[in-house]
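Visitor: coords please:
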Amino acid sequence: MTTETTKQVKPLFELGRIIATAGALSTMQERNITPETLLIRHICCDWQDMEDEDQESNREALSQGMQIISTYVIDEVTFFVITEGDRSRTTILLPEEY
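Guide: Numbers count the residues shown, from 1 in each chain. As a prediction, this is how the structure comes out:
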């Protein structure tokens, strides 16, 4: 993320190393979606595309240092963004790659 982008949001947890699968990168490129679009929502805990139960699980994971799994639907495509419990790595992937 650019410095300008990170100044506009207040991250609620660390992302660690950011990686994306080939399928996710290809799909984002085809649909003109930037990884930052997903990552900013993820670190700001924007989970509006998820069921209430899954949102609650993420709130617990955030406070207990567990894995955070976000789901985003953009242009009818679903993406997962997963940050490991130790906050060492965040992965962007498609559901079929999970």
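Visitor: Three-state assignment for the residue nearest the centre of the chain, please.
Guide: By CA atoms, centre = their mean, the chain has its centre lying nearest to V81, at 3.1 Å. The local conformation at V81, judged by DSSP: H, G, I helix; E, B strand; the rest coil, is strand.
Visitor: For it, which residues are in contact?
Guide: By CB atoms under 8 Å, 6 or more residues apart in numbering, the contact set of V81 is 38-39, 41-42, 69-72, 90-92. Quick note: C-beta positions are derived from backbone N, CA and C, even for glycine.
Visitor: Surely S88 touches I18?
Guide: No. Between S88 and I18 there is no contact under CB atoms under 8 Å: 10.9 Å.
Visitor: Comparing those two, which residue is more hemmed in?
Guide: I18 (15 against 11; other CB atoms under 10 Å).
Visitor: Now the more buried one: closest residue in space that isn't a chain neighbour?
Guide: T90 (5.2 Å; CB to CB, 6 or more residues apart in numbering).
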